[in-house]
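A.B. asks: What follows is a predicted protein model with its sequence.
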Amino acid sequence: MAKDKSELDRDLTDLPPALRWRTWMHRIEAVLFASAAPVPPEDLARVVGQGASVDLLIADLAADLEGRSFEVARLGGGWMLRTRPAYAPAIRAAADLGDQQLDLSPFDVAVLAAIATHQPITRDGLKDIFGKEINRDLIGRLHARGLIGTGPRSPRRGAPYTFVTTAQFLVAFGLQSLRDLPDPEQLADAGIVSVEAF
Amino acid sequence: MKTVRNLQETSRDRPPLIPSWVTAARAETVEDIAFLSGAALSTLHHVLGRDDVPHALLRDRLALRAAGACVGFTGRPERAGDLRDAVHLLRPGDLPGPAGENYLSWYRAVERPVSVKALSRALPADDATQIADWLDLGKGAPVARAAAVLAAVLTDRPGEELPALILADAALAQALGWEHIVPLLAGGLKRLDLRKRDADLRLACHRAVAGSATEAVRLSGDLARQAARLDAVAPKLRARGAGQAVAMFRIRDAVAPSALPLPDRAARRLCDRLVALGVVRELTGRDTFRLYGL
């Protein structure tokens, strides 16, 4: 652990309990505000008192933020502050989002969805799904946006690497975990895909 | 009375077996199922105290099974073999993927003696205080405690089966005074069971434990025999580093030849020789990227 962190007074024993709790809440809020990626609970636990429940503090913080334009969200095993979806048009109108825009074509998203569902999957595997070669630029685009990463090697000739989705993928699409992807069985029931595809 | 005497004679030099009245019984009521789960756990308890059982390997293999079940609960298509591949074919800096992460969590959970610290290492998405709170929840007999922890985590974290099942098995191990987690619940529960609560969930947990503990006892017996055979041939292996290789086979579910402390060719030759001697199996059925284990 870094030395400068040891100076932080975690337990705040000189404060009355109610104020202590609020200070912890505000610390968590500040850490989340300052971070662009979800913060694992382990890290949050380091700014509050030993034995204080991060979950309860977050629950109180969430209650505090009721009615505001942003909320606490649990994404990919961590917590983050994000604006509520209702304000997306306003943000888009006012700000230059630049590289924050994902800017993916429908086919890019289709490939990303295939990777998410079938990961770990090789380029050959993707070719089998789409019936055509997936070009390297497309894969490169998904990589550059941090949505996919390289996974374990595939046990085939040449040990090609596989693609897997990243924590950033969950954040970008507002998923708590891969569980939130459409369930293959439900898709099959709805007649969108055939069962043999899985 | 002859059968009983025979049982006692054999039990001295071999790991105990699950009594046939446990495996043969077809229980339906709560009392009956709870009775069988207690009997199975008691036998497993004796097995876990024996020196001839390769404990780390047993836990690793049960962890793989549990991870496979967890992956199944999340609706992903990977099976145990894929999990093995994901972990053994992972290179530094690459991501393990959802199934690989699942297995790594289980592996880390069973690797070290059960403690809040070890568990928070296995479950980085939950902080230590929260984990300790969950583990303290359970009351009563071991299986009831495990069920209470399972229900609590699933209520606080809907849809996160992995921490729920790891912590439930941790509570079970703690309640039974076991040093390490022995994954039992995940492999025995069904997807629908995870939606149950209270008495229904306890019943499902008893059923799962009765089945998995029986299975674990059987597996321990197999592994103990195979480990003894491996030890018997070990002095015959003259390759440099063979001793270390044998030690690795004794503690791991699967070993890739490239992970052995031998040059590539020598490692592959040693694995082939161990297979020829009938003490190690090839686990994947592939010609390349093979994995070996007891």
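C.D. replies: Noted; the coordinates are in hand.
A.B. asks: Which residue does chain B have closest to chain A?
C.D. replies: When distances are taken as Cβ to the nearest Cβ, chain B reaches nearest to chain A at B:Ala125, 3.1 Å away. In short, each C-beta sits where N, CA and C put it, glycine included.
A.B. asks: who touches that residue in this structure?
C.D. replies: Contacts for B:Ala125 (Cβ atoms under 8 Å, 6 or more residues apart in numbering or on different chains) come out as A:Pro40, A:Pro41, A:Gly77, A:Gly78, B:Pro163.
A.B. asks: Quick one: name the residues of the stretch 1-150 of chain B near chain A.
C.D. replies: Of all the residues in the stretch 1-150 of chain B, those in contact range of chain A (Cβ under 8 Å from any Cβ of the partner chain) are B:74-77, B:85-91, B:94-100, B:120, B:124-130, B:133.
A.B. asks: Leaving aside the residues adjacent along the chain, what's closest to the residue nearest in space to the middle of chain A?
C.D. replies: Within chain A, one residue has its C-alpha closest to the average C-alpha position: by Cα atoms, centre = their mean, that is A:Val171, at 2.6 Å. Residue nearest to A:Val171 in three dimensions, not counting chain neighbours: A:Leu75, with 5.1 Å by Cβ to Cβ, 6 or more residues apart in numbering or on different chains.
A.B. asks: Around B:Gln226, count how many other residues there are.
C.D. replies: B:Gln226 sits with 20 neighbouring residues when counted by other Cβ atoms under 10 Å in any protein chain shown.
A.B. asks: Please identify which helix or strand holds it.
C.D. replies: B:Gln226 belongs to helix B:198-233 when assigned by DSSP states H and E.
A.B. asks: So for that helix, what gets flagged as buried?
C.D. replies: Neighbour counts over helix B:198-233 (16 or more other Cβ atoms under 10 Å in any protein chain shown) mark B:201-217, B:219-221, B:223-224, B:226-227, B:230, B:233 as buried.
A.B. asks: What subset of the residues of the stretch 1-150 of chain B next to chain A is buried?
C.D. replies: Neighbour counting by 16+ other Cβ under 10 Å classes B:74-76, B:85-90, B:94-100, B:120, B:124-130, B:133 among those as buried.
A.B. asks: can you pull out the helices in chain B?
C.D. replies: B:2-11, B:20-23, B:30-48, B:55-73, B:80-88, B:97-111, B:116-122, B:128-137, B:142-156, B:161-175, B:185-188, B:198-233, B:242-251, B:264-276 (DSSP state H).
A.B. asks: Could you pull up the mean pLDDT of the fourth one?
C.D. replies: Averaged across helix B:55-73, pLDDT comes to 95.
A.B. asks: Any idea how far it is from the middle of the chain?
C.D. replies: 5 Å (Cα atoms, centre = their mean, to the nearest Å).
A.B. asks: Can you show me the CA trace of it as PDB?
C.D. replies: Presented in PDB, the C-alpha positions along helix B:55-73 are these (Å, rounded to 0.1, in the frame of the first residue of the first chain):
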ATOM      1  CA  HIS B  55      -6.300 -32.900  -0.600                       C
ATOM      2  CA  ALA B  56      -5.200 -29.900  -2.800                       C
ATOM      3  CA  LEU B  57      -6.000 -32.000  -5.900                       C
ATOM      4  CA  LEU B  58      -9.300 -33.100  -4.600                       C
ATOM      5  CA  ARG B  59     -10.300 -29.500  -3.900                       C
ATOM      6  CA  ASP B  60      -9.000 -28.300  -7.200                       C
ATOM      7  CA  ARG B  61     -11.100 -30.900  -9.100                       C
ATOM      8  CA  LEU B  62     -14.200 -30.100  -7.000                       C
ATOM      9  CA  ALA B  63     -13.600 -26.400  -7.600                       C
ATOM     10  CA  LEU B  64     -13.600 -27.100 -11.400                       C
ATOM     11  CA  ARG B  65     -16.800 -28.900 -11.100                       C
ATOM     12  CA  ALA B  66     -18.400 -26.100  -9.000                       C
ATOM     13  CA  ALA B  67     -17.200 -23.500 -11.500                       C
ATOM     14  CA  GLY B  68     -18.700 -25.500 -14.300                       C
ATOM     15  CA  ALA B  69     -22.000 -25.500 -12.500                       C
ATOM     16  CA  CYS B  70     -21.800 -21.800 -11.800                       C
ATOM     17  CA  VAL B  71     -21.100 -21.100 -15.500                       C
ATOM     18  CA  GLY B  72     -24.100 -23.200 -16.300                       C
ATOM     19  CA  PHE B  73     -26.300 -21.100 -13.900                       C
END
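A.B. asks: Against which helices or strands is it packed?
C.D. replies: For helix B:55-73, the contact count by 3 or more Cβ pairs under 8 Å, 6 or more residues apart in numbering or on different chains; DSSP states H and E identifies helix B:80-88, helix B:97-111, helix B:161-175, helix B:185-188, helix B:198-233, helix B:242-251 as packing neighbours.
A.B. asks: closest one to B:Leu62 among the ones you listed?
C.D. replies: For the helices and strands packed on helix B:55-73, proximity to B:Leu62 was assessed by Cβ to Cβ; helix B:198-233 is nearest, at 6.2 Å.
A.B. asks: which bits of the stretch 151-294 of chain B sit near chain A?
C.D. replies: Contact residues of the stretch 151-294 of chain B with respect to chain A, defined by Cβ under 8 Å from any Cβ, are listed as B:Asp156, B:Gly159, B:Glu160, B:Thr284, B:Arg286, B:Thr288, B:Phe289.
A.B. asks: Relative to A:Phe163, how far out is B:Leu184?
C.D. replies: Using Cβ to Cβ, to the nearest Å, one gets 34 Å for the distance from B:Leu184 to A:Phe163.
A.B. asks: between these two, who's got more neighbours?
C.D. replies: Here B:Leu184 and A:Phe163 are set side by side on neighbour count (other Cβ under 10 Å), and the busier one is B:Leu184, at 31 against 28.
A.B. asks: and the closest residue to B:Ala118 other than its chain neighbours, what does it touch?
C.D. replies: Computed as Cβ to Cβ, 6+ apart, the closest residue to B:Ala118 that is not its neighbour in sequence is B:Arg112, at 4.2 Å. When contacts are counted by Cβ under 8 Å, 6+ apart, B:Arg112 touches B:Ala118, B:Arg121, B:His180.
A.B. asks: Surely A:Val47 touches A:Leu32?
C.D. replies: No. Applying Cβ atoms under 8 Å as the test, A:Val47 and A:Leu32 come out as separate, 10.6 Å apart.
A.B. asks: Filter the contacts of B:Ala125 down to the ones in strands?
C.D. replies: A:Gly78 (DSSP state E).
A.B. asks: Just name the closest of the contacts of B:Ala125 to B:Val255, please.
C.D. replies: Taking Cβ to Cβ as the measure, B:Val255 lies nearest B:Pro163 of the contacts of B:Ala125, at 28.6 Å.
A.B. asks: worst-scoring helix or strand of chain A, pLDDT-wise?
C.D. replies: helix A:184-189 (a mean of 71; mean pLDDT, DSSP states H and E).
A.B. asks: Please, where are all the helices along chain A?
C.D. replies: A:17-34, A:41-45, A:54-64, A:88-94, A:106-118, A:123-130, A:136-144, A:167-172, A:184-189.
A.B. asks: what's the closest of these to B:Val280?
C.D. replies: Ranked by Cβ to Cβ, the member of these that lies closest to B:Val280 is helix A:123-130, at 30.8 Å.
A.B. asks: Chain A against chain B: which residues are in contact?
C.D. replies: Counting by Cβ under 8 Å from any Cβ, chain A comes close to chain B at A:40-42, A:44-45, A:50-55, A:77-78, A:118-120, A:149-157, A:159, A:161-162, A:164, A:166, A:176-179, A:183-185, A:198.
A.B. asks: Quick one: buried ones out of these?
C.D. replies: Once neighbours are counted (16+ other Cβ under 10 Å), the buried part of the residues of chain A next to chain B comes down to A:40-42, A:44-45, A:52-55, A:77-78, A:118-120, A:149-155, A:161-162, A:164, A:166, A:176-179, A:184.
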